[in-house]
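Q: for reference, the sequence and a predicted model appear below.
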Amino acid sequence: MPSKVDQEGGSVVWSVGDTRIWRFPLAYAPEVSAMSDSFNELYLRGFKLADLRVEKQNDGWCLFIRDKKIFSAKPEHGGAIRLNPHLMSLHWLSKMYEAVGDLHAKDLTAAYMLRGEYEITGSVSWYGGKFIGRRFANGERFTESHLICAAKNLPFGTLVRVTTPATGRSVVVRVTDRFKEHKNRLLDISQAAAEVLGIKRMGVAKAKFEVIGRVDNIGGL
């Protein structure tokens with residue numbers, strides 16, 4: 001099974017494939033193991049990339065696959081890393097995008113290039129607020145917790161890792177919308193993605209873009 005939990009000293013590490021998603025305090029090992037089992041059960045059935053999402057419920061920010069909640073983020077899950085539950089759950093989602101990209105991304109072709117490259121530097125901008133509730137070009141409806149981007153012509157479902165030197169942080173986003181490149185701005189990412197990168201106050205930031213590949217279906221027999 002792709003999801004597993006390993007004990008490392010006083011912590012448990014949840015991984016999907018070869019990607020480490022998060023390190024939890026050891027006290028939460030039973031919860032993390034149950035989450036891993038839930039993920040593997042859904043993985044056997046198969047699901048779409050868009051089925052993997054973060055959503056707010058009464059008990060806080062939760063990681064969902066389809067309509068099944070697999071885990072709820074709590075402040076204490078971060079251990080020494082002090083993140084609010086919303087930002088923590090977004091980090092999980094970004095790492096899971098990276099993991100499923102490693103497991104299921106289609107081979108890259110010329111259609112997945114940004115200005116003729118799979119890895120390129122440029123500028124990134126973000127959008128949110130007034131766009132929440134509207135539909136993307138691919139038909140999905142925008143929420144405050146989408147880790148997505150708009151691109152000029154990358155195929156929908158393409159995963160792109162965005163890293164900004166201003167903060168040293170990375171986030172993996174998926175293409176759901178269209179964007180008219182402006183000067184050196186290559187992608188327009190969601191507000192949630194900008195929060196993960198720590199560039200929300202900047203508006204526009206320099207970034208490195210790495211196209212991971214396109215993912216449609218995940219798992220399945």
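A: Cool, the structure landed.

Q: please parse the protein into its domains.
A: Here the domain assignment for the chain is 3-104, 110-218, based on automatic domain parsing.

Q: got a markdown table for those, with mean pLDDT and mean neighbour count too?
A: For the C-beta atoms, the positions are set from N, CA and C on the backbone; glycine is no exception. Formatted as a markdown table, the domains of the chain follow (pLDDT from 0 to 100; neighbours: other CB atoms under 10 Å):
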| stretch | mean pLDDT | mean neighbour count |
| --- | --- | --- |
| domain 3-104 | 93 | 17 |
| domain 110-218 | 91 | 18 |
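
Q: could you give the bridge partners of Val12?
A: Gln7, Phe24 (DSSP bridges).

Q: what sits against it?
A: Val5, Asp6, Arg23, Phe24, Pro25, Leu26, Tyr28, Ala29, Val32, Ser33 (CB atoms under 8 Å, 6 or more residues apart in numbering).

Q: quick one: the fifth one from Ala73, how far?
A: Using CB to CB, to the nearest Å, one obtains 13 Å as the distance from Pro25 to Ala73.

Q: backbone phi and psi for the most centrally placed residue in the chain, please?
A: Centroid check for the chain by CA atoms, centre = their mean gives Ser94 as the closest residue, at 2.5 Å. The phi/psi pair for Ser94 (degrees, to the nearest 10) reads phi -60, psi -40.

Q: make sure Leu103 is indeed in a helix.
A: Yes - Leu103 sits within a helix when classified using DSSP: H, G, I helix; E, B strand; the rest coil.

Q: residue contacts, it?
A: Pro2, Val16, Gly17, Ile218.

Q: again with Phe71
A: Phe71 neighbours (CB under 8 Å, 6+ apart): Glu31, Val32, Met35, Ser38, Cys62, Leu63, Trp92.

Q: please apply the same query to Ser3.
A: Contacts of Ser3 by CB under 8 Å, 6+ apart are Trp14, Ser15, Val16, Ser36, Asp37, Phe39, Asn40, Tyr43.

Q: now distance to Gly203 too, for these, in CSV please.
A: CSV is the format used below for the contacts of Ser3 (distance: CB to CB, whole Å):
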residue, distance to Gly203
Trp14, 34
Ser15, 35
Val16, 33
Ser36, 38
Asp37, 42
Phe39, 36
Asn40, 41
Tyr43, 38
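
Q: inside helices: which ones of those residues?
A: Ser36, Asp37, Phe39, Asn40, Tyr43 (DSSP state H).

Q: any idea which of those is closest to Ser190?
A: For the ones in helices among the contacts of Ser3, the closest approach to Ser190 (CB to CB) belongs to Phe39, at 23.5 Å.

Q: ok so, going back, what's the farthest-apart pair in the contacts of Leu103?
A: Applying CB to CB across the contacts of Leu103, the maximum distance is between Gly17 and Ile218, 10.9 Å.

Q: spit out the residues that contact these two alike.
A: Common neighbours of Gly17 and Ile218 (CB under 8 Å, 6+ apart) are Val100, Leu103.
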